[in-house]
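# got a sequence here, can you model it:
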Amino acid sequence: MRLQHLTNRLAIIALLAPVLCRAAEQPLPAPLEGVDVIEKLGRNVDLDLQFTAENGYQVPLSSFFHSGKPVILNLVYYTCPMLCNLVLNGQMAAMKDVAWTAGNEFEVVTISIDPNDNFDIARKKKALYLEEYGKAGANWHFLIDYKGNVKTLAEQVGFRYRWDEQQKQFAHAAAIMFLTPDGHISRYLYGVKFKPRDVRLALSEASEGKLGTAGDKFLLFCFHYDAEARSYVPFARNIMRAGGIAIVLILGSVLTLLWRWERKYRTPLSDHLVTVK
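Numbers count the residues shown, from 1 in each chain. I've put the predicted structure just below:
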């Protein structure tokens with residue numbers, strides 16, 4: 001009876017899986033076309049690029065790269081209504097559980113992709129996150145764009161974003177990058193929550209100049225709230241994609257287990273035959 005009940009449920013899942021997968025394969029909304037992270041492991045970023053620091057003065061990117069110190073790089077914007085804060089919060093939470101301290105064993109450089117962000121808001125962001133981070137002697141750099149250099153840097157690290165004029169927001173993905181002390185891209189991590197172990201290993205690899213392997217890209221997009229759908233549609237699309245793939249994988253695993261169970265426990269036909277002498 002239980003087996004029949006399970007079989008019925010699996011049949012329903014099997015019918016739904018193709019529908020979910022087809023939904024996941026639908027093209028991105030037009031405003032999100034071109035938004036992506038193209039991994040460029042081993043690529044060297046231009047450390048001569050200038051940005052404006054929290055004090056209003058221009059500094060080269062090289063100011064934050066020192067011998068033996070890896071760098072975590074964020075590309076966000078400070079007036080972002082949603083995803084950027086989630087990425088920064090998730091990164092900070094992971095950094096809290098890492099034995100190393102930002103500003104000592106490694107550097108953290110967050111740069112706004114919005115040319116309208118000013119150094120005053122960068123200064124406030126820095127104060128807020130350093131207070132929440134709470135480690136003595138820590139430092140975390142919050143910079144703003146200078147003469148469009150953030151576009152050059154974004155292209156070098158493969159962080160592709162775009163401005164949506166109608167919604168007055170940037171569409172972008174959720175990712176952080178790890179760079180070696182000499183400015184080579186070592187690893188990418190994706191999402192809004194990061195495992196401290198992953199961050200620690202990525203920092204350790206980058207500090208030694210090692211290049212990580214390509215990561216699993218599960219991109220969350222920062223975009224406008226869809227009043228008609230009453231949800232953040234791009235988020236739903238990613239969840240649908242993940243749900244469709246997960247269902248297919250689970251379905252395949254369960255069916256394999258049932259097939260093995262049946263082979264192991266079914267009674268051979270010969271056991272039911274009566275031998276006539």
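# tell me the mean pLDDT for stretch 177-193?
Model confidence over stretch 177-193 averages 95 on the pLDDT scale.
# pull out the buried residues from that stretch.
177-181, 183-192 (16 or more other Cβ atoms under 10 Å). The C-beta positions use only the backbone N, C-alpha and C, and glycine is treated the same way.
# which pair in those residues spans the largest distance?
Spanning the widest gap among the buried residues of stretch 177-193 are 181 and 192, at 27.1 Å by Cβ to Cβ.
# can you tell me the closest non-neighbouring residue to residue 38?
Spatially, and ignoring its direct neighbours in sequence, residue 38 is nearest to residue 158 (3.5 Å; Cβ to Cβ, 6 or more residues apart in numbering).
# which stretches of the stretch 151-277 of the chain aren't confidently modelled?
In the predicted model of the stretch 151-277 of the chain, residues 214-277 satisfy pLDDT under 70.
# which one is residue 75 nearest to, not counting chain neighbours?
Once its chain neighbours are removed from consideration, residue 75 has its nearest residue in residue 159; the separation is 4.9 Å (Cβ to Cβ, 6+ apart).
# tell me where the stretch 51-200 of the chain has strands.
58-60, 71-76, 107-112, 141-143, 159-160, 162-164, 169-173, 175-179, 185-190 (DSSP state E, counting those that start in this stretch).
# the second one packs against which elements?
With contacts taken as 3 or more Cβ pairs under 8 Å, 6 or more residues apart in numbering; DSSP states H and E, strand 71-76 sits against helix 83-96, strand 107-112, helix 149-157, strand 175-179, helix 196-207.
# same thing but 7 Å
helix 83-96, strand 107-112, strand 175-179 (3 or more Cβ pairs under 7 Å, 6 or more residues apart in numbering; DSSP states H and E).
# for the second one, which outside residues touch it?
Same thing as strand 107-112. For strand 107-112, the external contacting residues (Cβ atoms under 7 Å, 6 or more residues apart in numbering) are 51, 64, 69, 71-78, 102, 122, 140-145, 150.
# tell me the angle that strand makes with strand 169-173.
With axes from the mean of the first three to the mean of the last three Cα atoms, to 10 degrees as the basis, strand 107-112 and strand 169-173 are set at 140 degrees to each other.
# can you get me a residue count around the residue nearest to residue 38?
Other residues near residue 158 number 17, with proximity taken as other Cβ atoms under 10 Å.
# my understanding was that it contacts residue 39; is that so?
Yes - the criterion here is Cβ atoms under 7 Å, and residue 158 meets it with residue 39 at 5.9 Å.
# tell me how this protein divides into domains.
As assigned by automatic domain parsing, the chain contains the domains 34-222, 231-272.
# which residues touch the residue lying closest to residue 187 once chain neighbours are set aside?
Taking Cβ to Cβ, 6+ apart as the measure, residue 187 lies nearest to residue 212, with 3.5 Å between them; neighbours along the chain are not counted. The neighbours of residue 212, taking Cβ under 7 Å, 6+ apart as the test, are 41, 186-187, 202, 205.
# does residue 212 sit in a helix, a strand or a coil?
The assignment at residue 212 comes out as coil when based on DSSP: H, G, I helix; E, B strand; the rest coil.
# spatially nearest residue to residue 195 (excluding sequence neighbours)?
Closest residue in space to residue 195, ignoring its immediate chain neighbours: residue 94 at 6.7 Å, by Cβ to Cβ, 6+ apart.
# now residue 51
In this structure, residue 51 finds its nearest non-sequential neighbour in residue 143, 4.2 Å apart by Cβ to Cβ, 6+ apart.
# can you check the pLDDT for that neighbour?
Taken from the predicted model, the pLDDT recorded for residue 143 is 98.
# in the sheet, who's paired with it?
Residue 143 forms beta bridges with residue 111, as assigned by DSSP bridges.
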